[in-house]
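Enquirer: Everything below, folded, please.
(2 chains)
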Number of protein chains: 2
Amino acid sequence: MSINRLSLNTATAKNLDLPTALAAAAEHGYEAVGLWRDRVAETGVERTAQLVKQAGLRVSALCRGGFMTASEPDAIAWALSDNKAAIDEAAGLGTSELVMVVGGLPAASDFGGPAIPDGDRDLGAARQRVIDRVGDLVGYAQSRGVRLALEPMHPIFAADRGVLSTLGQCLDIADAFDQGAVGVVVDTYHVWWDPQLASQVERAGRAGQISSYQVSDWVLPLDLDTLNSRGFMGDGYIDFATITSLVEQTGYTGDIEVEIFNRKIWDLPTDELLSTVAERYSALVLPYLR
Amino acid sequence: MSINRLSLNTATAKNLDLPTALAAAAEHGYEAVGLWRDRVAETGVERTAQLVKQAGLRVSALCRGGFMTASEPDAIAWALSDNKAAIDEAAGLGTSELVMVVGGLPAASDFGGPAIPDGDRDLGAARQRVIDRVGDLVGYAQSRGVRLALEPMHPIFAADRGVLSTLGQCLDIADAFDQGAVGVVVDTYHVWWDPQLASQVERAGRAGQISSYQVSDWVLPLDLDTLNSRGFMGDGYIDFATITSLVEQTGYTGDIEVEIFNRKIWDLPTDELLSTVAERYSALVLPYLR
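Expert: Numbers count the residues shown, from 1 in each chain, chains lettered A, B, ... in the order given. You can find the predicted model right below:
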């Protein structure tokens, strides 16, 4: 008996290799997997696609393209090349959705010392470069049947990971391109606080722009490693009933990925990890699907 | 020689008692102080007002009212009573601006365990209660010549400290009351990431709704104690030239408070602390004032 639209993002089971993760997901009734490129690279695109099919699963999305805020020509060329490879991989895996984490301020990795850093702090310019790079890539993505899925990141990550901070901002960008060419990701961890969440989810759904719905919880205290500070649904502050209903009311029928970055959760025994995710999903998300 | 519009928020010099902080601020050329209620309470409102005047300074704002998201009648009554006291203190100190940190989800302090918590996760309802409490208080504040200054908090604090997350959201609330009765705080730490920052600062300025402009920097890595993770201007990612120019172009002529919560900065020798703040302000903020 499978659990309707539940997808295991491989980042939630980071300690498992792909065959193990797929077997465990199938055994626990998951219907899909959200794949990360590093995990796919270990097995190869073609073999990964075979393994997913053999496990009776489908691919909900590929994570991730992006990291394209650089301003130097070489770095721009590398970003375009790497994103084209990601587009090819998505096509090869049979998913139409490539999740894009667009990157932070370009010199972020050089920061942190006590002296005034020389980094580029022009957030507006970094955001414009994201738009420019999406423009560079969108034709290629369309030719491969892949949609660039812009992921708004929680503002805690604006400096070093993602300069797109709200769903509305991502939709403004998506609207500037051919309809269907650019989508958005609704990840509860990133968007739960947004005062415009209801109206922007509705807007995205009306235009068929929701590429992916991802769930995990905002827990406190944050881990010092903020990137890996997410929790199981139900352990934190996010109202999954409300947000799931918002997404569902738009007519979104895609899979729902559970994507939890958390070292303690990664270290759980496989059965406990996958069954806890399935239980929380069944209790807190599933009741709000049609 | 004084430094135009530079105000020392007492939270930046948390280890100093009020007389010491005032003397140091005056000596280093600051023109104003932003006072916190706990520091004022140590000296008393009347005596504090005298000391500020004797030091040749002015009060830029009082921090802070707020914490009014509770839903139980007793807690609501307490919040109203406490905020009226804060309004009285602001009036007694001769400042028209009371900074309001509105509070997080009501059960936030009960969260954190591994079990599914029973806290109230209804963010929309908590936000509505803020509007209701502002409505309860606004008449009293007006009668005392005090403006309630809503402070949007960085979304990192939405769960446990401030459910108002953007300038636009605060302005929507302010617009529902008499003109001049409710203002907003522009604190670079909280708003620097906002894609709508330029348009919302312009909107606030046009209506004369900017109660306070506060500066500090977003530094990484975050401290585990996220509340106290701010840095000196220039040590992080924030573009003070752009944001200061936005605020200044609205015609804002008020003081500019440096408000840095950071234990390492608090522990610096007083002269080093105050001179570093003054130097960074002079290099990164002052050149963008008219």
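Enquirer: Could you check how far stretch A:94-110 is from the centre of its chain?
Expert: Once both centres are worked out by CA atoms, centre = their mean, to the nearest Å, stretch A:94-110 turns out to sit 10 Å from its chain's centre.
Enquirer: Same question for it: list its buried residues.
Expert: Residues A:95-108 are the ones in stretch A:94-110 that count as buried (16 or more other CB atoms under 10 Å in any protein chain shown). Just so you know, the C-beta spots here come from the backbone N, C-alpha and C atoms, and that holds for glycine as well.
Enquirer: same deal with stretch A:12-29?
Expert: Within stretch A:12-29, the residues that qualify as buried are A:12-14, A:16, A:18, A:21-22, A:24-26, A:28, counting by 16+ other CB under 10 Å.
Enquirer: Could you do stretch A:183-198 as well?
Expert: By 16+ other CB under 10 Å, the buried positions in stretch A:183-198 come out as A:183-197.
Enquirer: can you check stretch A:268-278 too?
Expert: Counting neighbours by 16+ other CB under 10 Å, one finds that the buried residues in stretch A:268-278 are A:268, A:270, A:273-278.
Enquirer: avg pLDDT for it?
Expert: Summarised as a single mean, pLDDT over stretch A:268-278 is 98.
Enquirer: So that stretch, near chain B or not?
Expert: No. Stretch A:268-278 stays out of contact with chain B when judged by CB under 8 Å from any CB of the partner chain, the minimum separation being 10.5 Å.
Enquirer: Go ahead and name everything in contact with that stretch.
Expert: A:3, A:6, A:8, A:12-13, A:16, A:20, A:24-25, A:27-30, A:232, A:258, A:260, A:265-266 (CB atoms under 8 Å, 6 or more residues apart in numbering or on different chains).
Enquirer: Which of the residues you listed fall within helices?
Expert: Using DSSP state H, the members of the contacts of stretch A:268-278 that fall within helices are A:20, A:24-25, A:27, A:265-266.
Enquirer: Count residues in the vicinity of the residue nearest to residue A:121 when sequence neighbours are not counted, would you?
Expert: Using CB to CB, 6 or more residues apart in numbering or on different chains and skipping residues adjacent in sequence, the residue nearest residue A:121 is residue B:239, 4.2 Å away. Residue B:239: 18 surrounding residues under other CB atoms under 10 Å in any protein chain shown.
Enquirer: now do residue A:62
Expert: Residue A:62 has 27 nearby residues by other CB under 10 Å.
Enquirer: Could you do residue A:248 as well?
Expert: By other CB under 10 Å, the residues close to residue A:248 number 18.
Enquirer: For chain B, see how far away residue A:18 is.
Expert: Distance of residue A:18 to chain B, computed by CB to the nearest CB, to the nearest Å: 29 Å.
Enquirer: list the contacts for the closest residue to that residue other than its chain neighbours?
Expert: Of all residues not flanking residue A:18 in the chain, residue A:43 sits nearest, at 4.9 Å (CB to CB, 6+ apart). Going by CB under 8 Å, 6+ apart, residue A:43 touches A:18-19, A:51.
Enquirer: and of the buried residues of stretch A:268-278, the nearest to chain B?
Expert: The closest of the buried residues of stretch A:268-278 to chain B turns out to be residue A:276 (CB to the nearest CB; 10.5 Å).
Enquirer: Could you confirm that closest one falls within a helix?
Expert: Yes. With DSSP: H, G, I helix; E, B strand; the rest coil as the criterion, residue A:276 is assigned to a helix.
Enquirer: follow-up on the earlier one: need the max-distance pair from the buried residues of stretch A:94-110.
Expert: Farthest apart among these by CB to CB are A:96 and A:107. That separation is 34.1 Å.
Enquirer: For residue A:255, which residues are in contact?
Expert: Residue A:255 is in contact with A:5-7, A:31-32, A:34, A:58, A:60-61, A:212-213, counting by CB under 8 Å, 6+ apart.
Enquirer: pLDDT (mean, whole number) over the longest strand seen in chain A?
Expert: Identified as the longest strand of chain A according to DSSP state E is strand A:58-66. Mean pLDDT, strand A:58-66: 97.
Enquirer: Which strands or helices does that strand pack on?
Expert: Helices and strands touching strand A:58-66, by 3 or more CB pairs under 8 Å, 6 or more residues apart in numbering or on different chains; DSSP states H and E, are strand A:32-36, helix A:37-43, helix A:45-54, helix A:73-93, strand A:97-101, strand A:210-215.
Enquirer: Residue A:49: what's it in contact with?
Expert: When contacts are counted by CB under 8 Å, 6+ apart, residue A:49 touches A:59, A:92-94.
Enquirer: In PyMOL, select just the buried ones from those.
Expert: Buried residues within the contacts of residue A:49, by 16+ other CB under 10 Å, are selected in PyMOL with:
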select buried, chain A and resi 59+92+93
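Enquirer: Tell me the one among the contacts of residue A:49 nearest to chain B.
Expert: residue A:59 (30.3 Å).
Enquirer: Which residue, other than its chain neighbours, is closest to that closest one?
Expert: Residue A:59's closest residue in space is residue A:95 (CB to CB, 6+ apart), at 4.2 Å.
Enquirer: What about the residue nearest to residue A:176 when sequence neighbours are not counted, how many residues nearby?
Expert: In this structure, residue A:176 finds its nearest non-sequential neighbour in residue A:131, 7.2 Å apart by CB to CB, 6+ apart. Using other CB under 10 Å, residue A:131 has 15 neighbouring residues.
Enquirer: before we move on, which element is residue A:131 in?
Expert: Element membership for residue A:131, per DSSP states H and E: helix A:123-143.
Enquirer: In terms of secondary structure, what does the following helix or strand past that helix contact?
Expert: Going down the chain from helix A:123-143, the next helix or strand is strand A:147-150, by DSSP H and E. Counting contacts by 3+ CB pairs under 8 Å, 6+ apart, strand A:147-150 packs against strand A:97-101, helix A:123-143, helix A:167-174, strand A:182-187, strand A:210-215.
Enquirer: Kindly reformat the ones you listed as JSON lines containing distance to residue B:177.
Expert: Converted to JSON lines, these look like this (distance: least, CB to CB, whole Å):
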{"stretch": "strand A:97-101", "distance to residue B:177": "40"}
{"stretch": "helix A:123-143", "distance to residue B:177": "31"}
{"stretch": "helix A:167-174", "distance to residue B:177": "25"}
{"stretch": "strand A:182-187", "distance to residue B:177": "33"}
{"stretch": "strand A:210-215", "distance to residue B:177": "36"}
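Enquirer: could you dump these to CSV with mean pLDDT and distance to residue B:288?
Expert: Formatted as CSV, those follow (pLDDT from 0 to 100; distance: least, CB to CB, whole Å):
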stretch, mean pLDDT, distance to residue B:288
strand A:97-101, 98, 32
helix A:123-143, 97, 16
helix A:167-174, 98, 25
strand A:182-187, 98, 34
strand A:210-215, 98, 40
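Enquirer: Low-confidence regions, the stretch 101-250 of chain A specifically.
Expert: Applying pLDDT under 70 to the stretch 101-250 of chain A picks out residues A:107-119.
Enquirer: mind listing what the most centrally placed residue in chain A touches?
Expert: Nearest to the geometric centre of chain A sits residue A:99, at 5.1 Å (CA atoms, centre = their mean). Residues counted as contacts of residue A:99 (CB under 8 Å, 6+ apart) are A:34, A:61-66, A:149, A:151, A:185, A:211-212.
Enquirer: Go through those and name the one nearest residue B:224.
Expert: Distance to residue B:224, by CB to CB, is smallest for residue A:151 among those, at 25.9 Å.
Enquirer: what are the bridge partners for the residue nearest to that closest one when sequence neighbours are not counted, then?
Expert: Excluding its sequence neighbours, the residue lying closest to residue A:151 (CB to CB, 6+ apart) is residue A:185, at 3.9 Å. Residue A:185 has the following beta-bridge partners by DSSP bridges: residue A:212.
Enquirer: does residue A:185 really touch residue A:147, like I thought?
Expert: No. Counting by CB atoms under 8 Å, residue A:147 is not a contact partner of residue A:185; they are 10.7 Å apart.
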